[in-house]
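Engineer: What follows is a predicted protein model with its sequence.
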Number of protein chains: 2
Amino acid sequence: MGETFDLAASLDQRQPANALIVGAGYIGLEMAEALTARGIRVTQVEQLPEVLPTVDAELGALVHDGLTRHGVEVVTATTVTRISRGATGLRVDGRTATGPAAWNVDLVLVVVGVRPDTELLTTAGAQTGARGAVVVDHGMATSLPGVWAAGDCVITHHRQLGLTYLPLGTTAHKQGRVAGHNAIGGRARFHGSFGTQVVKVFDLVIARTGLRDHEATGLGHSPLTVQSSPNDHKAYYPTAYPITIRVTGDTTTGQLLGAQLVGWLGTEVSKRVDTYATALFHGMTVAEISDLDLSYTPPLGSPWDAVQMATQAWESWVTDLHTEVSA
Amino acid sequence: MGETFDLAASLDQRQPANALIVGAGYIGLEMAEALTARGIRVTQVEQLPEVLPTVDAELGALVHDGLTRHGVEVVTATTVTRISRGATGLRVDGRTATGPAAWNVDLVLVVVGVRPDTELLTTAGAQTGARGAVVVDHGMATSLPGVWAAGDCVITHHRQLGLTYLPLGTTAHKQGRVAGHNAIGGRARFHGSFGTQVVKVFDLVIARTGLRDHEATGLGHSPLTVQSSPNDHKAYYPTAYPITIRVTGDTTTGQLLGAQLVGWLGTEVSKRVDTYATALFHGMTVAEISDLDLSYTPPLGSPWDAVQMATQAWESWVTDLHTEVSA
């Protein structure tokens, strides 16, 4: 919070004309939008080949286009090596695939992830695990008797990945409720995360839940990811727009493993991902999604919702795949 | 379809200045919006005490206000007794609680529900059931060998109400897929409806899934319905609006039985109801909804989504109820 207020004060006092943001994850992208809204020209530098690396590059590319469309200069596959005080403002040095690069800007934001803040607990002797976060059981009890912990300082029980570190506000709230309940003698249990996330970047909304292809492979699944672009609502009703949806399922068991979505603001992407998240919670197969009785009205959906059209696209691919194998 | 084209042609040719709509269900309300958008003054007459009687009157009242705000004259608790040709246009006679009433209008729409169109099948000897609809099993087979049927002409397998008649586009699509599959030798099964529905009326969206209080009582449940108004997203991010949500659950078993929502267009009501519908599909308790990993970003949600804040409001009431009983 302190850093946020410092940044806001600095923006007011110094009125920077341009800024460079190191990192193009959730917070980096939200900062790009916020600074652009204040009239500041933004350069966004990402080390990886595409922005928003928490989703597949096919969807990251759509976000990349969105940033460019709103005037953000996006520089991918580039590592920032040095930030120094220049003649006028700050000088940022970097290394691209083809050689060195440099920028002179008024403001630099470094937004490259979080580290668990565990000093209080580790000093007291609490055991740590993934990424140095404090180990807790499903009741949010630490290894110290009578001490419960929750939020960004603790490991995350992920329902598919097992023990990991994935700090999110939703998870922190659930964990806090469980820890508080148990600290006064309750027996509540944190039922785990699917890493469900959503972010708004200008006029796009990007969401995901569950596993991506490479994560599923790592867990021994036989994943297939199928991309489709069903409309958010019936095309005969004005202002229908496609939502790009990538469904990941196991071709052997048919199980739904995860989903990623990108759509315009207003296409209800953030609550459509919730249907996939709820389906994952119950271990549904991709095919069973079509059995769900989801709502429909022409201005807002389709008799088969976009959520279901995307799983049916996955089903068609798998059918083709099996036909090919047996032919 | 024929009647729709006739109506459109009549509107173009006759340019009515005003219209009276008999009925304030889904289609009646959609027609009120459509005619108002064409500049036609609309009077909406409903026999029951409140509009949109498929949701509780507390929510119907919000829709009533919305209609009034958009210039529709709403007349409830009034039965239309006669439509005749008047000196100028059409004369509609009705009976209100306090006495007779009459309107002179250019156009009358009668929108009071649907009847299954079964002539083809009943002539062939197919068995009929609820509301005269054709009886089908879960595979959409009629009582006639080698004949499958689907859509508004058949009974509906409702997962809570059992056999009923509830014609909806979503259900028809699911049934059609099953019937088609089985007609060519497949063994698909229609997994039933929760009566999930949504309608847009001007700038409001109204949705429901599952049972309402009186339906649940009729099935032997001990239902409690709790209304709350959580914001669609964090209030510190501009343009947050409350969604009015009524959650119905069984106070004995804790089981979720149904949900009804009303919110402004843009508050993702139509896809929020889908989380409840998916939860119902899996027989979740009201309390378990808080275990779901739903998406959150400040412009579009909350760390506890509105869906979960509404179930937590229900939980608080039940806790109070049980405390009172045991005190």
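Structural biologist: Good, I have the coordinates. Numbers count the residues shown, from 1 in each chain, chains lettered A, B, ... in the order given.

Engineer: ok, A:Ser84 touching A:Asn104?
Structural biologist: No. Under the criterion of Cβ atoms under 8 Å, A:Ser84 lies out of contact with A:Asn104, with a separation of 10.4 Å. Any C-beta I mention is one placed from the backbone N, CA and C, and that applies to glycine too.

Engineer: Which neighbours do these two have in common?
Structural biologist: Overlap between the neighbourhoods of A:Ser84 and A:Asn104 consists of A:Leu90, A:Arg91, taking contacts as Cβ atoms under 8 Å, 6 or more residues apart in numbering or on different chains.

Engineer: out of those two, which sits in the more crowded spot?
Structural biologist: A:Asn104 (13 against 9; other Cβ atoms under 10 Å in any protein chain shown).

Engineer: Tell me how far that one lies from A:Leu20.
Structural biologist: The spacing between A:Asn104 and A:Leu20, counted by Cβ to Cβ, to the nearest Å, is 9 Å.

Engineer: Could you tell me which residues touch both of those two?
Structural biologist: Counting by Cβ under 8 Å, 6+ apart, the shared contacts of A:Asn104 and A:Leu20 are A:Leu90, A:Val92.

Engineer: Would you map out the domains in chain A?
Structural biologist: By the assignment in automatic domain parsing, chain A contains the domains A:2-110, A:125-183, A:197-326.

Engineer: Tell me which helix or strand A:Val108 sits in.
Structural biologist: Following DSSP states H and E, one finds A:Val108 within strand A:107-110.

Engineer: Can you name every helix or strand that that strand contacts?
Structural biologist: Applying 3 or more Cβ pairs under 8 Å, 6 or more residues apart in numbering or on different chains; DSSP states H and E, one finds that strand A:107-110 makes contact with helix A:2-14, strand A:18-22, helix A:26-37, strand A:90-96.

Engineer: so A:Val269 touches A:Thr275, yeah?
Structural biologist: No. A:Val269 is beyond contact range of A:Thr275, at 11.2 Å (criterion: Cβ under 8 Å).

Engineer: Tell me the buried residues in the strand holding A:Val108?
Structural biologist: Under the neighbour-count criterion of 16 or more other Cβ atoms under 10 Å in any protein chain shown, strand A:107-110 has A:Leu107, A:Val108, A:Leu109 buried.

Engineer: Please enumerate residues in contact with that strand?
Structural biologist: Residues from elsewhere that reach strand A:107-110 (Cβ under 8 Å, 6+ apart): A:7, A:10-11, A:14, A:16, A:18-23, A:28, A:31, A:35, A:40, A:83, A:89-90, A:92.

Engineer: Now a ChimeraX select for only the buried ones of the residues you listed.
Structural biologist: To isolate the buried members of the contacts of strand A:107-110 in ChimeraX, using 16+ other Cβ under 10 Å:
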select /A:11,16,18,19,20,21,22,23,28,31,35,40,83,89,90,92
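
Engineer: What distance do you get for A:Gly169 to chain B?
Structural biologist: 4 Å (Cβ to the nearest Cβ, to the nearest Å).

Engineer: Does that residue touch B:Tyr296 like I think?
Structural biologist: Yes. In terms of Cβ under 8 Å, A:Gly169 counts as a neighbour of B:Tyr296; the distance is 5.7 Å.

Engineer: Neighbour count: the two, which is higher?
Structural biologist: It is B:Tyr296, of A:Gly169 and B:Tyr296, that has more neighbours when counted by other Cβ under 10 Å, with 23 against 18.

Engineer: Not counting sequence-adjacent ones, nearest residue to that one?
Structural biologist: Excluding the flanking residues, the one nearest B:Tyr296 by Cβ to Cβ, 6 or more residues apart in numbering or on different chains is A:Thr170, at 4.8 Å.

Engineer: Surely the one you found touches B:Pro303?
Structural biologist: Yes. Under the criterion of Cβ under 8 Å, A:Thr170 is in contact with B:Pro303, at a separation of 5.1 Å.

Engineer: Those two: which has the busier surroundings?
Structural biologist: Using other Cβ under 10 Å as the criterion, A:Thr170 and B:Pro303 rank with A:Thr170 on top: 24 against 18.

Engineer: quick one, what contacts that one?
Structural biologist: A:Thr170 makes contact with A:Ser193, A:Thr196, B:Asp293, B:Leu294, B:Ser295, B:Tyr296, B:Pro303, B:Trp304 under the criterion Cβ under 8 Å, 6+ apart.

Engineer: For the residue nearest to A:Val55 when sequence neighbours are not counted, give its distance to A:Gly195.
Structural biologist: Counting by Cβ to Cβ, 6+ apart, A:Val55 lies nearest to A:Gln260, which is 4.9 Å off, once chain neighbours are set aside. A:Gln260 sits 11 Å away from A:Gly195, going by Cβ to Cβ.

Engineer: Quickly list what's touching both of those two.
Structural biologist: For the pair A:Gln260 and A:Gly195, residues contacting each of them under the criterion Cβ under 8 Å, 6+ apart are A:Arg208.

Engineer: What's the first helix or strand after the helix or strand encompassing the residue nearest to A:Val55?
Structural biologist: When elements are defined using DSSP H and E, A:Gln260 is found to belong to strand A:256-264. For strand A:256-264, the succeeding helix or strand toward the C-terminus, using DSSP H and E, is helix A:269-281.
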